[in-house]
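Asks: would you be able to build a 3D model of this:
(2 chains)
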Amino acid sequence: MRINVVFLGPAKSVVPKENMQIELSEGARVRLLLSKLAVSHPGISRSIFNPEQERLRIGAVLSIAGAHVTDLDVPLHDGQEVVISKMMPGG
Amino acid sequence: MYGYFMKIAEVNLSSGEVKYIDLEEPTVRLFVGGSGIGAYFLHRYTGPDTDPLGPENVLIFMTGPVTGTRYFSSNRFEVVTKSPLTGIYVEADCGGRFGEELKQCGIDGLVITGKAKKPVYLHVGDVEIQVRGASHLWGKDTFETDTQLKQEIGGRVRTVSIGIAGENLVRFACIINEGRHGRAAGRAGVGAVMGSKNLKAVAVQGTQTVEIAESQQLAAFVKRKAPEMNRKLTVDVEFRQYGTSGGFEQSEAWGDLPIKNWYQGEFKEGAKKLSGITLAKTYLTKNYNCGRCIIGCGRTVAVTDGPFAMEETAGPEYENVAMLGSNLLVDDLAAVCKANELCNRFGMDAISTGSAIGFAMEAFERGLISTKDTGGLEPKWGDGQAVVAMVEKIARRQDIGRLMGEGLLRAAEGIGGNSVEFAMHVKGLDFPAHDPRAKVSDAVGYATSNRGACHLQAYTHDFEGWFAMEDFGYPETTDRFDASEKKVEMVIKFQHLMSMLDSIHVCKFIIFGGMTVEPIIEAFNLVTGWDWSKEEFLTAGERIFTLKRLYNNRLGVSRKDDTLPPRILHHPRGGSCGDFLPPLNRMLKDYYRMRGWDEMGIPTHETVRRLGIEEFYPAAKMMQGNRAH
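Replies: Okay, here's the model as predicted:
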């Protein structure tokens, strides 16, 4: 299946382009998507996803279909859009 | 006592008299410093009958025990007074470089009473305090005032000053520290109080060093922690690179961003154009660090050409970009930079200014005001030039600016119709740029904040969705729509912690660099030598928060005032927030019960006794009784 990944805000600075399409096998979960991205883009492992601990790094935020996702075992579906962004203190 | 000079200077501008008041150790142990001791003095000097713009009001500048030490981001001070915007307690916290210099004058704070016959400024030095003429500065903006005072006085001097907004008694005028670097004691009209006293500026020049308990250990602590802090703030959170508006697009995606006076749910392309990333690529010239700060989240910007050209000066922070940008559907970052620059020059709170303009734009759209009221100007959504023109009209009190400068409560009364429905404030203080429909902790946080709608008295919104603080009982971030008792408890705990940060005096952003509760208490103990436990530290925070509440209770504040604007309670925002609306009534009920307050929002006798502040209790109960009859 094909997943559309969109990078928002400071997360854009760690990848060469703001939008990517990633091929994954059916039934793949968010964790696998992030692991795959971390292998191909060192900036992702440095700033977004810690591949050793399989955890999001501080400030990294994921959304699927507009909903905030913290559970990395959420299954993905063909054609879904995953938004990856980084937050920082405001105010 | 370590960390203190145990001395407050009191200046009576009516008589010119200067005297020094000794701080008593029990007072310091109870209220610590900063906003805590400021609130204590406000109780002592003012009450229900005090006119905020009358000579009987006091303007209090306070430092904390950590101010002037080597601890991270500790060059801060607090301004406390009775607000002309809200008529209740206000504190305005500020960075820059004034706080440390004030303390180096051998005092912990400055209490200013009375009213000068002519414009004056205060020169505060090691040996004496002089009231000096400032007629030649009256009418000048804060940048010119800072520059001129530094030239006149010579040597190392730090200033705070007001611009024409403070002189013209705009009820949300602010006090600017560091001139063109634009650090603001921003909220609820502290600059108007300064203007009402004919006080143009305070210039400080000190050379004294406060003694601290464990100087070498504190130095070693800072040296040990600095690399970790550096890493967290540049790699984990890219704060130095992009400043507070770096998360602007995510803020929009979450529905946290004010858009069209809090009516609209989405502004995707606009958010992209206004973000800290765009700012870094366009107008950012360098970072600004407050004193003792290794973060450098402050922006310095310049716009070289076009209708919004401006020389290099302080750039807009997240709140200012949101309130002067997306809130008004303006997506031109140059226009936002210009409007922000004018707010700083004129000395006007950018949050309230953006809120006032949003209110005026909606009133114009709904036909409640017309070009007859605005001097021909059409305040239309998305028009950057109209925004800049409106900023100037408010500061100069021209046309509609006369009414808008009175603040939203009075403006809604003046405009009438249904305008009260879209006046976005709590207790008269305009909403800051975080939406309780997106981060539900802000619902109860804003409703109970002691100065009106304020995101910093609880500062929980960053802990809903992305940040965590393990040593405070939050090892994982929390669900932003969870309005359970746990969330209410979180607001209460954070109000206590933030009360302490505003009292010992450090910047709240150090938390994001790893200076969480335990390292903060460790540093506080190294400064004071007190050896406070976490429980003692947070109980002091509860005491300080409650003291401010009791002041407001004395003035008649109760459950009826702890509310949110109709738009937030009844109008779903849409976008990623869907139909969610904050269940404020239920949350408040939990909040009062957990705090030990009665159903009217007044701390019970038992609560006040537990906190050791009974002397402030009878007055609060008495006033509630009087108002009820």
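
Asks: please make it C-alpha for all contacts and neighbour counts, starting now.
Replies: Will do.

Asks: beta partners of the residue nearest to the spatial centre of chain B?
Replies: When C-alpha atoms, centre = their mean is applied to chain B, the residue found nearest the centroid is residue B:92 (4.3 Å). When assigned by DSSP bridges, residue B:92 has beta-bridge partners residue B:79.

Asks: now for the lengthiest helix in chain A, which elements pack on it?
Replies: Longest helix of chain A, by residue count under DSSP state H: helix A:30-40. In terms of contacts (3 or more C-alpha pairs under 8 Å, 6 or more residues apart in numbering or on different chains; DSSP states H and E), helix A:30-40 is packed against helix A:42-47, strand A:49-50.

Asks: mind listing the strands for chain A?
Replies: For chain A, applying DSSP state E gives strands covering A:2-8, A:19-23, A:49-50, A:55-56, A:60-64, A:67-69, A:81-86.

Asks: deepest-packed of those, please.
Replies: strand A:81-86 (a mean of 23; mean count of other C-alpha atoms under 10 Å in any protein chain shown).

Asks: show residues contacting that strand.
Replies: Residues from elsewhere that reach strand A:81-86, judged by C-alpha atoms under 8 Å, 6 or more residues apart in numbering or on different chains: A:3-12, A:48, A:59-65, B:237, B:247, B:250.

Asks: now the angle between strand A:60-64 and it, please.
Replies: Here strand A:81-86 runs at an angle of 160 degrees relative to strand A:60-64 (axes from the mean of the first three to the mean of the last three C-alpha atoms, to 10 degrees).

Asks: number of nearby residues for the closest residue to residue B:416 other than its chain neighbours?
Replies: Leaving aside its chain neighbours, residue B:416 sits nearest to residue B:368 (7.8 Å; criterion: C-alpha to C-alpha, 6 or more residues apart in numbering or on different chains). Residue B:368 has 16 neighbours, counted by other C-alpha atoms under 10 Å in any protein chain shown.

Asks: what distance separates the least confident helix or strand in chain A by mean pLDDT from the middle of the whole chain?
Replies: In chain A, no helix or strand scores lower on mean pLDDT, DSSP states H and E than strand A:67-69, which sits at a mean of 86. Centroid displacement of strand A:67-69 relative to its chain, using C-alpha atoms, centre = their mean, to the nearest Å, is 12 Å.

Asks: can it be found next to chain B?
Replies: Yes - with C-alpha under 8 Å from any C-alpha of the partner chain as the criterion, chain B is reached by strand A:67-69 at A:67, A:68.

Asks: give me the helices and strands touching that strand, please.
Replies: strand A:60-64.

Asks: before we move on, the earlier item: which one of the strands of chain A has the poorest average confidence?
Replies: Mean pLDDT per stretch puts strand A:67-69 lowest among the strands of chain A, at a mean of 86.

Asks: sheet partners, orientation included, of that strand?
Replies: strand A:60-64 (antiparallel).

Asks: so what touches the partner strand?
Replies: Residues contacting strand A:60-64 (C-alpha under 8 Å, 6+ apart): A:47-49, A:68-70, A:80-87, B:465-466.

Asks: cutoff 6 Å now
Replies: Strand A:60-64 has contacts (C-alpha atoms under 6 Å, 6 or more residues apart in numbering or on different chains) with A:48, A:68, A:69, A:82, A:83, A:84, A:85, A:86.

Asks: do stretch B:45-53 as well
Replies: With C-alpha under 6 Å, 6+ apart, stretch B:45-53 has contacts from B:82, B:83, B:84, B:193, B:196, B:555.

Asks: so who does the third one touch?
Replies: By C-alpha under 6 Å, 6+ apart, the contact list for residue B:84 reads B:52, B:171, B:189.

Asks: most neighbours of all these, which one?
Replies: For the contacts of residue B:84, neighbours tallied by other C-alpha under 10 Å; top is residue B:189, 36 neighbours.

Asks: I'd guessed it sits against residue B:176; true?
Replies: No - in this structure, residue B:189 is not within contact of residue B:176 by C-alpha atoms under 6 Å, at 12.0 Å.

Asks: give the next helix or strand downstream of the lengthiest helix in chain B.
Replies: Counting residues, the longest helix found in chain B (DSSP H) is helix B:534-554. Downstream of helix B:534-554, the first helix or strand assigned by DSSP states H and E is helix B:566-570.

Asks: residues from chain B in reach of chain A?
Replies: B:236, B:237, B:244, B:247, B:249, B:318, B:319, B:466, B:576 (C-alpha under 6 Å from any C-alpha of the partner chain).

Asks: what sits against residue B:160?
Replies: B:176, B:177, B:201, B:202.

Asks: in strands, which of those appear?
Replies: Using DSSP E, the contacts of residue B:160 in strands are B:176, B:177, B:201, B:202.

Asks: and these, which two are furthest apart?
Replies: B:176 and B:202 (10.5 Å; C-alpha to C-alpha).

Asks: more neighbours: those two, which one.
Replies: residue B:176 (33 against 23).
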